[in-house]
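Asks: Requesting a structural model of the entry that follows:
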Amino acid sequence: MSLTEQAAAAAQIPPQGGRGPGAAEGILRRQALRESAARTYARSLPIVPVRARGLTIEGADGRRYLDCLSGAGTLALGHNHPVVLEAIRGVLDSGAPLHVLDLATPVKDAFTTELFANLPAGLASDARVQFCGPAGTDAVEAALKLVRAATGRSGLLAFAGAYHGMTAGALSASGGATDVRVTRLPYPQDYRCPFGIGGTEGARLSAAWTESLLDDPKGGVPAPAGMLVEPVQGEGGVHPAPDEWLRRMREITRTRGIPLIADEVQTGVGRTGAFWGVDHAGVVPDVMVLSKAIGGSLPLAVIVYRSELDVWEPGAHAGTFRGNQLAMAAGTATLAYVRRNGLAERAAELGGRMLAALRGLAADQPCVGDVRGRGLMLGVEIVDPDTGAAAPALAAAIRQGCLDRGLIVELGGRHGAVVRLLPPLTLTDEQATAVLDRLADAVPAAAH
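Replies: Numbers count the residues shown, from 1 in each chain. Now for the predicted structure:
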């Protein structure tokens, strides 16, 4: 009996996993009985993946799906890309230790070298990297602890609609938090502008409001240790930050000695049509929070920051699983592949064409209120055609209609009414057409 068969026998499952509709139903039934009520994607996407490559997932029931969720943006190269698999096998076959805490290894050295080669030049020339626990939310926690230690201040500036994770500090900076010491600032958007204006003027007012609040001695703002911002609000509804506004935030924070923290967990590694979301505006933050795609599909999270902020004592932020060798190898391969093959530029070009096609859909379908995004980070806001109000139930019906047609999408936005598309950066023209066709079929079907 092979090692694979022995392991499968020990787990009491077939070597290839359960196959067929009956097996899939049984697995889903046992999941519902055993797993926490906090599970999310499993509720809206009741499939049992058994094989995957690139854009495609095959379920245990034999159906194939086009995956435009991509691990919530984790899979920059799609599922099981050959360069990622080769990198992982290379570590496994080398006999290298898989668990090393924060010790130096050749695998880690290769990762940091490739990472620094892709950072904004103004940061890479004088930066430090902190390996965190393997989730992006832990990296957010590390960033908040870092700037508070460096500045001696405790306040935080964050934005309405933000999402930074589910641990205490990260959640307190997210848009749905209550009873926290975070100053919430307006994030500019066109479709539902907080000032009712949108466009360049709405963004200007957002910046002016921020500046006025910080300089008002009676503004009630705790002395801020940092400003935390997403270059594109993803879970908040796919709202790209206007370039000029982001440059203004950089100037506002710089002149007041406030570290600027860019949350690039979902926007990094080419997703938005530039290697990092801040690159569109030419902004160099003081801290970058990185996770998801940097691990090449495996768990990895880091913060990169200006050396002058590096005031921590040893052990000030630690974690047992911060030295994931397989993730670092997969991440190195992914970062290098995106860089060498111009996938950020490809995302900008293909994403622009997909955005134009989706706007054509909006012109024909009254329930599509707005289409927006940057690169291959796209959102379609679903509304009640009569009132213009967000229509989460209809958005959920569209998501189900997409799944019925073999397309995996998820929802986001303030009311869960934004259909989100996060396809891999390796998406071909033909695949993009198939994705758009299935979505364009699902929308009117659900609306009617």
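Asks: When you work out contacts or count neighbours from here on, use the C-alpha atoms and nothing else.
Replies: Noted.
Asks: Just list the residues touching L436, thanks.
Replies: Residues near L436 by Cα atoms under 8 Å, 6 or more residues apart in numbering: M354, A357, L358.
Asks: need these in JSON lines with pLDDT, can you?
Replies: As requested, the contacts of L436 are exported to JSON lines (pLDDT from 0 to 100):
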{"residue": "M354", "pLDDT": "98"}
{"residue": "A357", "pLDDT": "97"}
{"residue": "L358", "pLDDT": "98"}
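Asks: And the helices in the stretch 51-200 of the chain?
Replies: Assigned helices in the stretch 51-200 of the chain, in chain order: 70-73, 82-94, 106-118, 121-124, 136-151, 168-172, 199-215 (criterion: DSSP state H, counting those that start in this stretch).
Asks: mind listing the helices in the stretch 251-400 of the chain by residue range?
Replies: Assignment of helices within the stretch 251-400 of the chain using DSSP H, counting those that start in this stretch yields the ranges 325-340, 343-364, 392-404.
Asks: Quick one, which of these gets closest to L425.
Replies: Within these, the stretch nearest L425 is helix 343-364; the backing value is 6.0 Å (Cα to Cα).
Asks: Look up the pLDDT of R353 for me, please.
Replies: Looking at R353, its pLDDT stands at 98.
Asks: what number of residues lie near it?
Replies: The number of residues packed around R353, counting by other Cα atoms under 10 Å, is 15.
Asks: Pick out the shakiest of the helices of the stretch 51-200 of the chain, pLDDT-wise.
Replies: Note on the helices of the stretch 51-200 of the chain: helix 168-172 shows the lowest mean pLDDT, a mean of 73.
Asks: centre of the chain versus that one, how much separation?
Replies: 17 Å (Cα atoms, centre = their mean, to the nearest Å).
Asks: Please save the CA atoms from that helix in PDB.
Replies: Below are the C-alpha coordinates for helix 168-172, written out as PDB (Å, rounded to 0.1, in the frame of the first residue of the first chain):
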ATOM      1  CA  ALA A 168      -9.900  42.800  17.500                       C
ATOM      2  CA  GLY A 169      -7.700  45.600  16.200                       C
ATOM      3  CA  ALA A 170      -8.300  44.900  12.500                       C
ATOM      4  CA  LEU A 171     -12.000  44.700  13.100                       C
ATOM      5  CA  SER A 172     -12.100  47.900  15.100                       C
END
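Asks: can you put the helices of the stretch 51-200 of the chain in a markdown table and add distance to A52 and mean neighbour count?
Replies: Listed next are these as a markdown table, based on distance: least, Cα to Cα, whole Å; neighbours: other Cα atoms under 10 Å:
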| stretch | distance to A52 | mean neighbour count |
| --- | --- | --- |
| helix 70-73 | 11 | 22 |
| helix 82-94 | 12 | 16 |
| helix 106-118 | 25 | 17 |
| helix 121-124 | 35 | 16 |
| helix 136-151 | 24 | 24 |
| helix 168-172 | 32 | 19 |
| helix 199-215 | 41 | 17 |
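Asks: Kindly reformat those helices as JSON lines containing distance to R184.
Replies: Output for the helices of the stretch 51-200 of the chain, formatted as JSON lines (distance: least, Cα to Cα, whole Å):
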{"stretch": "helix 70-73", "distance to R184": "25"}
{"stretch": "helix 82-94", "distance to R184": "40"}
{"stretch": "helix 106-118", "distance to R184": "31"}
{"stretch": "helix 121-124", "distance to R184": "27"}
{"stretch": "helix 136-151", "distance to R184": "16"}
{"stretch": "helix 168-172", "distance to R184": "10"}
{"stretch": "helix 199-215", "distance to R184": "10"}
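Asks: closest to A225 out of those helices?
Replies: Shortest separation from A225 across the helices of the stretch 51-200 of the chain is recorded for helix 136-151, at 5.2 Å, computed as Cα to Cα.
Asks: and the closest one, what other elements does it pack with?
Replies: Helix 136-151 sits against helix 168-172, strand 224-229, strand 287-290, strand 302-306, with contacts defined as 3 or more Cα pairs under 8 Å, 6 or more residues apart in numbering; DSSP states H and E.
Asks: could you redo the last one with a cut-off of 6 Å?
Replies: Other elements packing on helix 136-151 under the criterion 3 or more Cα pairs under 6 Å, 6 or more residues apart in numbering; DSSP states H and E are strand 224-229.
Asks: List the strands paired with whichever helix or strand comes after the strand it packs on, with their directions.
Replies: Reading on from strand 224-229 to the C-terminus, the next helix or strand found by DSSP states H and E is strand 232-233. The pairing partners recorded for strand 232-233 under DSSP bridges are strand 239-240 (antiparallel).
Asks: Show residues contacting the strand it pairs with.
Replies: Applying Cα atoms under 6 Å, 6 or more residues apart in numbering, the external contacts of strand 239-240 come out as V232, Q233.
Asks: for that strand, what is the average pLDDT?
Replies: The average pLDDT for strand 239-240 rounds to 96.
Asks: where are the low-confidence patches of the protein?
Replies: 1-19, 171, 176-180 (pLDDT under 70).
Asks: Excluding chain neighbours, give the residue nearest to the residue most central in space within it in space.
Replies: Note on the chain: the residue nearest the mean C-alpha position is Q266, at 2.1 Å, using Cα atoms, centre = their mean. Nearest residue to Q266 in three dimensions, chain neighbours excluded: G73, at 5.8 Å (Cα to Cα, 6 or more residues apart in numbering).
Asks: Then L309?
Replies: With Cα to Cα, 6+ apart, the residue lying closest to L309 is A150, at 5.5 Å.
Asks: Also P49?
Replies: Nearest residue to P49, sequence neighbours excluded (Cα to Cα, 6+ apart): G59, at 4.3 Å.
Asks: repeat for I382
Replies: With Cα to Cα, 6+ apart, the residue lying closest to I382 is V368, at 4.8 Å.
Asks: Burial check on that neighbour, number of neighbours?
Replies: With other Cα under 10 Å as criterion, V368 counts 27.
Asks: Repeat that for the one 3 residues further on.
Replies: Using other Cα under 10 Å, V371 is surrounded by 23 other residues.
Asks: so it bridges to which residues?
Replies: V371 has these beta-bridge partners by DSSP bridges: V380.
Asks: Was I right to think it contacts I382?
Replies: No. Here V371 does not reach I382: they are 9.2 Å apart, not a contact under Cα atoms under 6 Å.
Asks: Count the neighbours of P217 for me.
Replies: 9.
Asks: quick one, phi/psi of it?
Replies: Backbone torsions for P217, taken as degrees, to the nearest 10, come to phi -60, psi -20.
Asks: From S154, how far out is it?
Replies: 17 Å (Cα to Cα, to the nearest Å).
Asks: Check P82 too.
Replies: In this structure, P82 and S154 are separated by 45 Å, where distance is defined by Cα to Cα.
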